[in-house]
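**Student:** next come a sequence and a model predicted from it.
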Protein chains: 2
Amino acid sequence: MSKHAKEMEILKEHLEKHQLKFTRQRELILDAFLKQEHITAEEMYHQLARKDPHLGLATIYRTLNLFCEAGLAQARHFGTQTQYDNVSHKGHHDHLICTGCGKIVEFENCDIERLQEEVATKNGFTITTHRLELYGLCTRCRH
Amino acid sequence: MSKHAKEMEILKEHLEKHQLKFTRQRELILDAFLKQEHITAEEMYHQLARKDPHLGLATIYRTLNLFCEAGLAQARHFGTQTQYDNVSHKGHHDHLICTGCGKIVEFENCDIERLQEEVATKNGFTITTHRLELYGLCTRCRH
DNA sequence: ATTCTTTTTGATATAGCTTATCAATTTCAA
DNA sequence: TTGAAATTGATAAGCTATATCAAAAAGAAT
(Lines give C-alpha, C1' and ligand atoms only; values in the text may rest on other atoms or scores of the structure.)
Protein backbone atom coordinates (compact mmCIF):
# COMPACT_ATOMS: atom_id res chain seq x y z
CA MET A 1 0.00 0.00 0.00
CA SER A 2 1.25 3.41 -0.90
CA LYS A 3 2.06 5.93 1.77
CA HIS A 4 -0.28 8.38 0.07
CA ALA A 5 -3.31 6.20 0.78
CA LYS A 6 -5.60 9.04 1.71
CA GLU A 7 -4.99 11.08 -1.40
CA MET A 8 -5.13 7.96 -3.53
CA GLU A 9 -8.58 7.38 -2.11
CA ILE A 10 -9.67 10.90 -2.96
CA LEU A 11 -8.48 10.38 -6.51
CA LYS A 12 -10.28 7.05 -6.82
CA GLU A 13 -13.51 8.55 -5.58
CA HIS A 14 -13.21 11.35 -8.09
CA LEU A 15 -12.51 8.88 -10.89
CA GLU A 16 -15.46 6.71 -9.98
CA LYS A 17 -17.80 9.65 -9.76
CA HIS A 18 -16.83 10.78 -13.24
CA GLN A 19 -16.55 7.37 -14.89
CA LEU A 20 -12.83 7.69 -15.35
CA LYS A 21 -10.29 4.92 -14.98
CA PHE A 22 -7.54 4.26 -12.53
CA THR A 23 -4.37 3.81 -14.52
CA ARG A 24 -0.76 2.99 -13.82
CA GLN A 25 0.22 6.46 -15.04
CA ARG A 26 -2.20 8.28 -12.77
CA GLU A 27 -0.96 6.33 -9.79
CA LEU A 28 2.65 6.98 -10.69
CA ILE A 29 2.11 10.70 -11.23
CA LEU A 30 0.12 11.12 -8.03
CA ASP A 31 2.85 9.45 -6.01
CA ALA A 32 5.48 11.72 -7.49
CA PHE A 33 3.29 14.78 -7.16
CA LEU A 34 2.59 14.27 -3.47
CA LYS A 35 6.29 14.20 -2.66
CA GLN A 36 6.59 17.88 -3.58
CA GLU A 37 5.12 21.13 -2.49
CA HIS A 38 4.77 22.35 -6.05
CA ILE A 39 6.03 21.33 -9.43
CA THR A 40 5.71 22.13 -13.11
CA ALA A 41 4.65 19.62 -15.74
CA GLU A 42 8.04 19.88 -17.38
CA GLU A 43 9.87 19.15 -14.13
CA MET A 44 7.74 16.13 -13.46
CA TYR A 45 8.31 14.93 -16.98
CA HIS A 46 12.04 14.83 -16.38
CA GLN A 47 11.73 13.36 -12.91
CA LEU A 48 9.61 10.48 -14.12
CA ALA A 49 11.62 9.86 -17.26
CA ARG A 50 13.76 7.41 -15.30
CA LYS A 51 10.88 5.39 -13.92
CA ASP A 52 8.98 5.36 -17.17
CA PRO A 53 10.78 6.68 -20.24
CA HIS A 54 7.65 6.42 -22.33
CA LEU A 55 5.45 8.56 -20.15
CA GLY A 56 4.30 11.41 -22.37
CA LEU A 57 4.30 15.08 -21.50
CA ALA A 58 0.67 15.41 -22.56
CA THR A 59 -0.28 12.75 -20.04
CA ILE A 60 1.44 14.72 -17.30
CA TYR A 61 -0.46 17.86 -18.18
CA ARG A 62 -3.72 15.97 -18.43
CA THR A 63 -3.17 14.25 -15.13
CA LEU A 64 -2.13 17.35 -13.22
CA ASN A 65 -5.23 19.09 -14.49
CA LEU A 66 -7.22 16.09 -13.36
CA PHE A 67 -5.72 16.48 -9.89
CA CYS A 68 -6.89 20.07 -9.88
CA GLU A 69 -10.43 18.95 -10.62
CA ALA A 70 -10.20 16.37 -7.87
CA GLY A 71 -9.07 19.05 -5.44
CA LEU A 72 -5.65 17.56 -4.88
CA ALA A 73 -3.73 20.19 -6.78
CA GLN A 74 -4.02 23.83 -7.59
CA ALA A 75 -2.67 25.50 -10.71
CA ARG A 76 -0.82 28.74 -10.34
CA HIS A 77 0.56 30.77 -13.22
CA PHE A 78 4.04 31.87 -12.41
CA GLY A 79 6.03 33.72 -15.01
CA THR A 80 5.56 31.82 -18.25
CA GLN A 81 4.94 28.47 -16.61
CA THR A 82 2.20 26.85 -14.57
CA GLN A 83 3.03 25.61 -11.11
CA TYR A 84 0.89 22.82 -9.70
CA ASP A 85 0.64 23.17 -5.92
CA ASN A 86 0.19 20.23 -3.60
CA VAL A 87 -2.93 21.18 -1.67
CA SER A 88 -2.46 18.47 0.96
CA HIS A 89 0.62 20.25 2.19
CA LYS A 90 -0.74 21.75 5.35
CA GLY A 91 1.80 24.44 5.93
CA HIS A 92 0.18 26.26 3.07
CA HIS A 93 2.78 28.82 2.28
CA ASP A 94 2.25 32.04 0.43
CA HIS A 95 4.58 34.03 -1.74
CA LEU A 96 6.38 37.33 -1.73
CA ILE A 97 7.38 38.06 -5.29
CA CYS A 98 9.90 40.67 -6.36
CA THR A 99 8.76 42.30 -9.58
CA GLY A 100 12.28 43.58 -10.14
CA CYS A 101 14.35 40.40 -10.15
CA GLY A 102 11.73 37.68 -9.86
CA LYS A 103 12.96 36.49 -6.48
CA ILE A 104 10.36 34.51 -4.54
CA VAL A 105 10.21 34.26 -0.76
CA GLU A 106 7.84 31.81 0.89
CA PHE A 107 6.12 32.68 4.13
CA GLU A 108 3.42 31.51 6.44
CA ASN A 109 1.23 33.61 8.68
CA CYS A 110 -1.35 32.13 11.00
CA ASP A 111 -2.97 35.47 11.78
CA ILE A 112 -3.71 36.09 8.14
CA GLU A 113 -5.16 32.61 7.81
CA ARG A 114 -7.38 33.18 10.80
CA LEU A 115 -8.70 36.41 9.34
CA GLN A 116 -9.35 34.66 6.08
CA GLU A 117 -11.50 32.15 7.92
CA GLU A 118 -13.41 35.01 9.49
CA VAL A 119 -14.11 36.66 6.18
CA ALA A 120 -15.22 33.36 4.70
CA THR A 121 -17.54 32.55 7.59
CA LYS A 122 -19.06 35.99 7.42
CA ASN A 123 -19.93 35.30 3.78
CA GLY A 124 -21.17 31.77 4.33
CA PHE A 125 -18.14 30.12 2.73
CA THR A 126 -16.07 27.15 3.85
CA ILE A 127 -12.52 27.56 2.62
CA THR A 128 -10.72 24.58 1.18
CA THR A 129 -7.65 26.42 0.00
CA HIS A 130 -6.38 29.85 -0.84
CA ARG A 131 -3.80 31.78 -2.74
CA LEU A 132 -1.98 34.85 -1.52
CA GLU A 133 0.72 36.58 -3.47
CA LEU A 134 2.39 39.83 -2.48
CA TYR A 135 4.10 41.72 -5.27
CA GLY A 136 6.74 44.33 -4.69
CA LEU A 137 10.42 45.09 -4.66
CA CYS A 138 13.05 43.33 -2.57
CA THR A 139 15.76 45.20 -0.71
CA ARG A 140 18.25 45.06 -3.54
CA CYS A 141 15.86 46.05 -6.31
CA ARG A 142 14.61 49.05 -4.40
CA HIS A 143 17.96 50.77 -4.88
CA MET B 1 -0.26 68.98 -21.48
CA SER B 2 -1.59 65.48 -20.82
CA LYS B 3 -3.77 64.77 -17.83
CA HIS B 4 -1.37 62.04 -16.82
CA ALA B 5 1.43 64.48 -16.17
CA LYS B 6 2.68 62.81 -13.03
CA GLU B 7 3.07 59.38 -14.57
CA MET B 8 4.52 60.91 -17.71
CA GLU B 9 7.16 62.47 -15.51
CA ILE B 10 7.96 59.15 -13.87
CA LEU B 11 8.38 57.60 -17.28
CA LYS B 12 10.63 60.38 -18.50
CA GLU B 13 12.83 60.08 -15.46
CA HIS B 14 13.16 56.38 -16.00
CA LEU B 15 14.01 56.89 -19.66
CA GLU B 16 16.64 59.47 -18.86
CA LYS B 17 18.22 57.32 -16.19
CA HIS B 18 18.56 54.43 -18.63
CA GLN B 19 19.50 56.40 -21.72
CA LEU B 20 16.26 55.56 -23.45
CA LYS B 21 14.25 57.84 -25.67
CA PHE B 22 10.88 59.47 -25.37
CA THR B 23 8.86 58.50 -28.42
CA ARG B 24 5.47 59.21 -29.80
CA GLN B 25 4.51 55.54 -29.30
CA ARG B 26 5.53 55.47 -25.66
CA GLU B 27 3.50 58.56 -24.94
CA LEU B 28 0.49 57.20 -26.79
CA ILE B 29 0.64 53.83 -25.03
CA LEU B 30 1.08 55.36 -21.58
CA ASP B 31 -1.94 57.58 -22.08
CA ALA B 32 -4.06 54.63 -23.08
CA PHE B 33 -2.69 52.43 -20.33
CA LEU B 34 -3.45 54.88 -17.54
CA LYS B 35 -7.10 55.00 -18.48
CA GLN B 36 -7.59 51.41 -17.36
CA GLU B 37 -7.21 49.34 -14.24
CA HIS B 38 -5.61 46.49 -16.16
CA ILE B 39 -5.24 45.46 -19.75
CA THR B 40 -3.61 42.86 -21.94
CA ALA B 41 -1.23 43.69 -24.77
CA GLU B 42 -3.66 42.29 -27.26
CA GLU B 43 -6.53 44.42 -25.97
CA MET B 44 -4.42 47.52 -26.16
CA TYR B 45 -3.33 46.59 -29.66
CA HIS B 46 -6.92 46.65 -30.80
CA GLN B 47 -7.80 49.76 -28.85
CA LEU B 48 -4.98 51.75 -30.38
CA ALA B 49 -5.46 50.42 -33.89
CA ARG B 50 -7.83 53.32 -34.59
CA LYS B 51 -5.45 56.01 -33.43
CA ASP B 52 -2.42 54.51 -35.09
CA PRO B 53 -3.02 51.56 -37.44
CA HIS B 54 0.69 51.00 -37.84
CA LEU B 55 1.48 50.56 -34.18
CA GLY B 56 2.98 47.07 -33.87
CA LEU B 57 2.06 44.48 -31.30
CA ALA B 58 5.72 43.99 -30.42
CA THR B 59 5.98 47.66 -29.55
CA ILE B 60 3.05 47.32 -27.18
CA TYR B 61 4.65 44.39 -25.40
CA ARG B 62 8.00 46.15 -25.23
CA THR B 63 6.43 49.29 -23.90
CA LEU B 64 4.25 47.59 -21.29
CA ASN B 65 7.31 45.74 -20.05
CA LEU B 66 9.11 49.05 -19.94
CA PHE B 67 6.30 50.44 -17.77
CA CYS B 68 6.82 47.52 -15.40
CA GLU B 69 10.49 48.38 -15.06
CA ALA B 70 9.58 51.99 -14.46
CA GLY B 71 7.18 50.90 -11.71
CA LEU B 72 4.08 52.18 -13.48
CA ALA B 73 2.70 48.78 -14.37
CA GLN B 74 2.73 45.32 -12.99
CA ALA B 75 2.51 42.09 -14.93
CA ARG B 76 0.23 39.41 -13.64
CA HIS B 77 -0.17 36.03 -15.29
CA PHE B 78 -3.81 35.12 -15.51
CA GLY B 79 -4.66 31.93 -17.32
CA THR B 80 -2.60 31.95 -20.48
CA GLN B 81 -2.39 35.71 -20.79
CA THR B 82 -0.51 38.46 -19.07
CA GLN B 83 -2.48 41.23 -17.48
CA TYR B 84 -0.72 44.55 -17.05
CA ASP B 85 -2.05 46.24 -13.94
CA ASN B 86 -2.16 49.98 -13.52
CA VAL B 87 -0.26 50.44 -10.29
CA SER B 88 -1.57 53.96 -9.72
CA HIS B 89 -5.04 52.50 -9.25
CA LYS B 90 -5.32 52.06 -5.52
CA GLY B 91 -8.64 50.41 -4.53
CA HIS B 92 -7.71 46.76 -4.42
CA HIS B 93 -10.33 44.14 -3.65
CA ASP B 94 -9.92 40.42 -3.02
CA HIS B 95 -12.05 37.43 -3.98
CA LEU B 96 -13.95 34.59 -2.39
CA ILE B 97 -14.49 31.96 -5.06
CA CYS B 98 -16.92 29.05 -4.81
CA THR B 99 -15.42 25.97 -6.43
CA GLY B 100 -18.88 24.45 -6.66
CA CYS B 101 -20.82 26.99 -8.67
CA GLY B 102 -18.18 29.55 -9.58
CA LYS B 103 -19.77 32.34 -7.61
CA ILE B 104 -17.37 35.17 -6.77
CA VAL B 105 -17.73 37.49 -3.81
CA GLU B 106 -15.51 40.55 -3.49
CA PHE B 107 -14.27 41.69 -0.14
CA GLU B 108 -11.82 44.05 1.47
CA ASN B 109 -10.13 43.56 4.81
CA CYS B 110 -7.83 46.15 6.29
CA ASP B 111 -6.48 43.84 8.99
CA ILE B 112 -5.28 41.36 6.44
CA GLU B 113 -3.67 44.15 4.46
CA ARG B 114 -1.89 45.39 7.54
CA LEU B 115 -0.52 41.93 8.29
CA GLN B 116 0.65 41.65 4.71
CA GLU B 117 2.64 44.83 5.15
CA GLU B 118 4.20 43.36 8.28
CA VAL B 119 5.26 40.21 6.53
CA ALA B 120 6.71 42.20 3.66
CA THR B 121 8.66 44.52 5.89
CA LYS B 122 10.04 41.59 7.85
CA ASN B 123 11.41 40.22 4.59
CA GLY B 124 12.73 43.49 3.27
CA PHE B 125 10.02 43.91 0.66
CA THR B 126 7.99 46.94 -0.30
CA ILE B 127 4.60 45.82 -1.56
CA THR B 128 3.14 47.51 -4.61
CA THR B 129 0.15 45.22 -4.98
CA HIS B 130 -1.18 41.81 -4.01
CA ARG B 131 -3.56 39.08 -4.91
CA LEU B 132 -5.66 37.11 -2.46
CA GLU B 133 -8.15 34.47 -3.48
CA LEU B 134 -10.03 32.22 -1.10
CA TYR B 135 -11.40 29.01 -2.61
CA GLY B 136 -14.18 27.01 -1.03
CA LEU B 137 -17.85 26.23 -1.06
CA CYS B 138 -20.66 28.71 -0.62
CA THR B 139 -23.66 27.99 1.60
CA ARG B 140 -25.75 26.47 -1.12
CA CYS B 141 -23.01 24.26 -2.60
CA ARG B 142 -22.11 22.84 0.79
CA HIS B 143 -25.42 20.95 0.89
C1' DA C 1 -10.30 -16.11 -18.93
C1' DT C 2 -12.51 -13.78 -22.95
C1' DT C 3 -14.99 -10.34 -25.10
C1' DC C 4 -16.44 -5.77 -25.82
C1' DT C 5 -17.13 -0.96 -24.95
C1' DT C 6 -15.15 3.10 -23.22
C1' DT C 7 -11.39 5.64 -21.68
C1' DT C 8 -6.53 6.63 -21.79
C1' DT C 9 -2.17 6.98 -23.61
C1' DG C 10 1.80 8.56 -26.40
C1' DA C 11 3.45 10.97 -30.27
C1' DT C 12 2.96 14.79 -32.58
C1' DA C 13 0.60 18.62 -34.66
C1' DT C 14 -1.49 22.77 -33.47
C1' DA C 15 -2.73 26.89 -31.04
C1' DG C 16 -1.80 30.99 -28.44
C1' DC C 17 1.11 34.28 -26.24
C1' DT C 18 5.51 36.61 -25.92
C1' DT C 19 10.12 37.60 -27.39
C1' DA C 20 13.99 37.85 -30.89
C1' DT C 21 15.62 39.56 -35.21
C1' DC C 22 16.83 43.14 -38.29
C1' DA C 23 16.50 46.73 -41.81
C1' DA C 24 14.49 51.20 -41.87
C1' DT C 25 13.22 55.10 -39.17
C1' DT C 26 13.34 58.28 -35.37
C1' DT C 27 15.36 60.59 -31.49
C1' DC C 28 18.38 63.85 -29.54
C1' DA C 29 22.81 65.72 -28.32
C1' DA C 30 26.66 67.88 -30.45
C1' DT D 1 22.24 69.83 -39.66
C1' DT D 2 24.61 65.86 -38.74
C1' DG D 3 25.50 61.40 -36.88
C1' DA D 4 25.56 57.95 -33.31
C1' DA D 5 22.39 55.32 -30.69
C1' DA D 6 17.90 53.76 -29.73
C1' DT D 7 13.29 52.47 -31.48
C1' DT D 8 10.01 50.78 -34.45
C1' DG D 9 7.25 47.58 -37.35
C1' DA D 10 6.85 43.29 -39.59
C1' DT D 11 7.59 38.86 -39.06
C1' DA D 12 10.03 34.77 -37.64
C1' DA D 13 11.03 32.02 -33.84
C1' DG D 14 10.42 30.16 -29.10
C1' DC D 15 7.70 28.13 -25.50
C1' DT D 16 4.05 26.35 -23.00
C1' DA D 17 -0.20 24.01 -23.06
C1' DT D 18 -3.89 21.77 -25.58
C1' DA D 19 -6.02 19.08 -29.52
C1' DT D 20 -5.87 15.15 -32.41
C1' DC D 21 -6.03 10.36 -33.31
C1' DA D 22 -4.58 5.59 -33.86
C1' DA D 23 -3.11 2.09 -30.69
C1' DA D 24 -3.28 0.32 -26.04
C1' DA D 25 -5.31 -0.40 -21.54
C1' DA D 26 -9.08 -0.62 -18.16
C1' DG D 27 -12.99 -2.65 -16.34
C1' DA D 28 -17.66 -4.55 -16.69
C1' DA D 29 -20.22 -8.25 -18.51
C1' DT D 30 -20.21 -12.68 -20.10
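**Tutor:** Perfect, I can see it now. Predicted model only: the values in this text are computed from it and were never measured.
**Student:** interface residues of chain A facing DNA strand C?
**Tutor:** Near DNA strand C, the residues belonging to chain A are A:15, A:19-21, A:23, A:25-26, A:52, A:54-59, A:62-63, A:80 when assessed by CB under 7 Å from any atom of the strand. In this view, the C-beta of every residue, glycine as well, is placed from N, C-alpha and C.
**Student:** separate out the buried members of those residues.
**Tutor:** Buried residues within those, defined by neighbour count using 16 or more other CB atoms under 10 Å in any protein chain shown: A:Leu15, A:Gln25, A:Arg26, A:Leu55, A:Thr59, A:Thr63.
**Student:** could you redo these as a markdown table and give each row pLDDT and secondary structure?
**Tutor:** A markdown table is the format used below for these (pLDDT from 0 to 100; DSSP: H, G, I helix; E, B strand; the rest coil):
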| residue | pLDDT | secondary structure |
| --- | --- | --- |
| A:Leu15 | 97 | helix |
| A:Gln25 | 97 | helix |
| A:Arg26 | 98 | helix |
| A:Leu55 | 96 | coil |
| A:Thr59 | 98 | helix |
| A:Thr63 | 98 | helix |
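**Student:** would you reformat the residues you listed as CSV and include distance to chain B?
**Tutor:** Conversion of these to CSV gives the following (distance: CB to the nearest CB, whole Å):
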residue, distance to chain B
A:Leu15, 18
A:Gln25, 25
A:Arg26, 21
A:Leu55, 24
A:Thr59, 20
A:Thr63, 19
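**Student:** quick one: which two of those are the most distant?
**Tutor:** Longest distance between any two of those is 18.6 Å, between A:Leu15 and A:Leu55; criterion CB to CB.
**Student:** which of the three states applies to A:Ile29?
**Tutor:** Here A:Ile29 takes the helix state, with states given by DSSP: H, G, I helix; E, B strand; the rest coil.
**Student:** now do the contacts for the residue nearest to it when sequence neighbours are not counted.
**Tutor:** The shortest distance from A:Ile29 to any non-neighbouring residue, by CB to CB, 6 or more residues apart in numbering or on different chains, is to A:Thr63 (4.6 Å). If you count contacts by CB atoms under 8 Å, 6 or more residues apart in numbering or on different chains, A:Thr63 has them with A:Gln25, A:Arg26, A:Ile29, A:Leu30.
**Student:** now for the third one, how many residues are close by?
**Tutor:** Pointing back at A:Ile29 there. Residues within reach of A:Ile29, counting by other CB atoms under 10 Å in any protein chain shown, total 23.
**Student:** that one contacts A:Ile60, correct?
**Tutor:** Yes: with contacts counted by CB atoms under 8 Å, A:Ile29 reaches A:Ile60, the gap being 6.4 Å.
**Student:** name the SS class of the nearest residue to A:Phe125 once chain neighbours are set aside, please.
**Tutor:** Closest residue to A:Phe125 apart from its sequence neighbours, by CB to CB, 6+ apart: B:Gly136 at 4.7 Å. With three-state DSSP as the basis, B:Gly136 sits in strand.
**Student:** tell me the contacts of B:Gly136?
**Tutor:** Counting by CB under 8 Å, 6+ apart, B:Gly136 makes contact with A:Ala120, A:Phe125, A:Thr126, A:Ile127, A:Thr128, A:Thr129, B:Leu96, B:Ile97, B:Cys98, B:Thr99.
**Student:** give me the contact list for stretch A:77-91.
**Tutor:** Residues contacting stretch A:77-91 (CB under 8 Å, 6+ apart): A:6-7, A:33-34, A:36-42, A:64, A:67-68, A:71-76, A:102, A:108, A:128-129, B:77-80.
**Student:** can you do 7 Å?
**Tutor:** If you take CB atoms under 7 Å, 6 or more residues apart in numbering or on different chains as the criterion, stretch A:77-91 is touched by A:7, A:33-34, A:36-40, A:64, A:71-76, A:108, A:129, B:77-79.
**Student:** these in strands, which ones?
**Tutor:** Per DSSP state E, strands hold the following members of these: A:His38, A:Ile39, A:Thr40, A:Ala73, A:Gln74, A:Ala75, A:Arg76, A:Thr129, B:His77, B:Phe78.
**Student:** in ChimeraX, select just the buried ones from the residues you listed.
**Tutor:** ChimeraX command restricting these to the buried ones, with burial defined by 16+ other CB under 10 Å:
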select /A:38,39,73,74,129
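**Student:** filter the ones in strands among the contacts of stretch A:77-91 by proximity to DNA strand D?
**Tutor:** Among those, the ones lying close to DNA strand D by the criterion of CB under 7 Å from any atom of the strand are A:Thr40.
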